[in-house]
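# mind looking at a prediction? Sequence and model below.
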Amino acid sequence: MKILITGAAGFIGSHIVDELLTDNNYKLVVVDNLSTGNNNIPTNTTFYHADITNHQEVENIFKKELPDFVIHQAGQVDVTTSILNPLHDASINILGTISLLTNSQKYSVNKFIYASSCAVYGETKNTNILEDTKASPLSFYGISKYTPEQYIALYNKIYGLPYTILRYANVYGPRQTIKAEGGVVAIFIDHLLNGKSPQIFGDGMQTRDFVYVKDVAKANHLALFKGGNQVINIGSNNQISINTLYSMICDLTSSSNSPIYKPKRDGDIRYSQLDNTKAKQMLGWNPEYTLEEGLKETIKYYKSR
Ligand SMILES: NC(=O)c1ccc[n+]([C@@H]2O[C@H](COP(=O)([O-])OP(=O)(O)OC[C@H]3O[C@@H](n4cnc5c(N)ncnc54)[C@H](O)[C@@H]3O)[C@@H](O)[C@H]2O)c1
């Protein structure tokens, strides 16, 4: 069985590759333009250095490889970049996804699995967010993650292309770049291990739902055969404030540096916690790592670099 993974040299994509390589039945074809992330070029895969917005290049790969499944992780992942340059953001996240969908339909892919985001919800009344909560993005990134969801649903309706959309909470773990603004855990750990004071935007009372990257990789694996034509939250069902996260990482790294508070950024959500009941029921997925366990593994990784 052949699986094409986009963004496989990135943070989450590289963990999905590791997860799938535990099964000898899969042949992995990976596509990445090495533009962001830590360039974790996977071994034991067929690697294409290619851009998903180059339709001809994408079609050539599909034609040659004829993948059975597509797991789509490649994207512009930075909220601030999306606000400063919405055209760039949309061209990768929206047009790039349409290119993959067109080829998935044309070359009879069995299933399209898409990495969406809690950013599609925006500010919600309920702090525990269910999948049927109305999407109301606060950033262009939220729009550019949500629009492909609608294309995916229509590709299914018009052409019968099966899919699973996974809406990730805040993913953290080894290999996350400290440049991406979503990588608050990576940035805190990196700064504290190097004796620096990290910045906190706003009062630090905003909450996030942190999910460990290996659990997210597992969810993608399960989605190959389960959760057909569904939108499914992938989160921990918990939320903690950025201030509490900071204290936890200080304790675990034996640091006492105070953070530097900066004004709140545009596009930042106040509260975020994804209800994961549907993931449990439809994928048989459960987050296996507590935040403390995940943080310990992540700190170990950054210490070893
Ligand atoms: N990290 C999170 O907390 C989080 C949360 C929700 C959703 N997501 C989604 O998960 C996916 C993976 O995110 P990540 O955190 O691993 O980011 P990442 O930046 O580490 O990985 C993205 C990968 O995509 C590649 N890429 C970017 N543009 C490309 C293009 N035009 N053509 C080919 N490859 C391209 C990059 O080189 C990189 O390797 C993204 O779609 C993101 O929107 C991430």
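Perfect, I can see it now. The structure presented is a predicted model; accordingly, all values stated were derived computationally and were not measured.
# going forward, measure contacts between C-alpha atoms and count neighbours the same way
Fine.
# any regions of the protein where pLDDT drops low?
180-182 (pLDDT under 70).
# look up phi and psi at residue 262.
Dihedral pair for residue 262: phi -120, psi 160, per degrees, to the nearest 10.
# okay, and the beta partners of it?
Going by DSSP bridges, residue 262 is paired in beta bridges with residue 201.
# could you measure from it over to the ligand?
Residue 262 sits 21 Å away from the ligand, going by Cα to the nearest ligand atom, to the nearest Å.
# for residue 82, same thing?
For residue 82, the distance to the ligand - Cα to the nearest ligand atom - is 11 Å.
# kindly report the same for residue 284.
Distance check for residue 284 against the ligand: by Cα to the nearest ligand atom, it reads 20 Å.
# before we move on, what about residue 255?
Separation of residue 255 from the ligand (Cα to the nearest ligand atom): 24 Å.
# contacting residues for that residue?
Residue 255 makes contacts with 192-193, 195, as judged by Cα atoms under 8 Å, 6 or more residues apart in numbering.
# same thing but 7 Å
By Cα atoms under 7 Å, 6 or more residues apart in numbering, the contact set of residue 255 is residue 192.
# same deal with the one 10 residues further on?
Taking Cα under 7 Å, 6+ apart as the contact definition, residue 265 lies against residue 201.
# residue 293 belongs to a strand, doesn't it?
No. In this structure, residue 293 is helix, not part of a strand, as judged by DSSP: H, G, I helix; E, B strand; the rest coil.
# residues near it, how many?
Residues lying near residue 293 (other Cα atoms under 10 Å) number 11.
# repeat that for residue 33.
17.
# ok, so what distance separates it from residue 64?
Distance, residue 33 to residue 64, using Cα to Cα, to the nearest Å: 18 Å.
# up against the ligand, what does the stretch 1-150 of the chain have?
For the stretch 1-150 of the chain, the residues in contact with the ligand (Cα under 6 Å from any ligand atom) are 7-13, 32-37, 39, 50-53, 73-77, 92, 115-117.
# make it 8 Å
6-14, 31-40, 49-53, 72-77, 92-93, 96, 114-119, 145 (Cα under 8 Å from any ligand atom).
# give me the buried subset of the residues you listed.
6-14, 31-34, 36-40, 50-53, 72-77, 92-93, 96, 114-119, 145 (16 or more other Cα atoms under 10 Å).
# and the longest helix that the chain contains, what does it pack onto?
When the chain is parsed with DSSP state H, its longest helix is helix 140-159. If contacts are counted by 3 or more Cα pairs under 7 Å, 6 or more residues apart in numbering; DSSP states H and E, helix 140-159 sits against helix 79-84, helix 86-90.
# what's the angle between the following helix or strand past the last one and helix 140-159?
Next helix or strand after helix 86-90 toward the C-terminus (DSSP states H and E): helix 96-106. Using axes from the mean of the first three to the mean of the last three Cα atoms, to 10 degrees, the interaxial angle of helix 96-106 with respect to helix 140-159 works out to 20 degrees.
# please export the C-alpha coordinates of helix 96-106 as PDB.
Extracted C-alpha coordinates of helix 96-106, given in PDB (Å, rounded to 0.1, in the frame of the first residue of the first chain):
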ATOM      1  CA  GLY A  96      -1.800  23.800  -3.000                       C
ATOM      2  CA  THR A  97      -4.600  21.700  -1.500                       C
ATOM      3  CA  ILE A  98      -6.800  22.000  -4.500                       C
ATOM      4  CA  SER A  99      -3.900  20.800  -6.700                       C
ATOM      5  CA  LEU A 100      -3.600  17.700  -4.500                       C
ATOM      6  CA  LEU A 101      -7.300  17.100  -4.500                       C
ATOM      7  CA  THR A 102      -7.500  17.400  -8.300                       C
ATOM      8  CA  ASN A 103      -4.800  14.800  -8.700                       C
ATOM      9  CA  SER A 104      -6.200  12.500  -5.900                       C
ATOM     10  CA  GLN A 105      -9.500  12.400  -7.800                       C
ATOM     11  CA  LYS A 106      -7.800  12.000 -11.200                       C
END
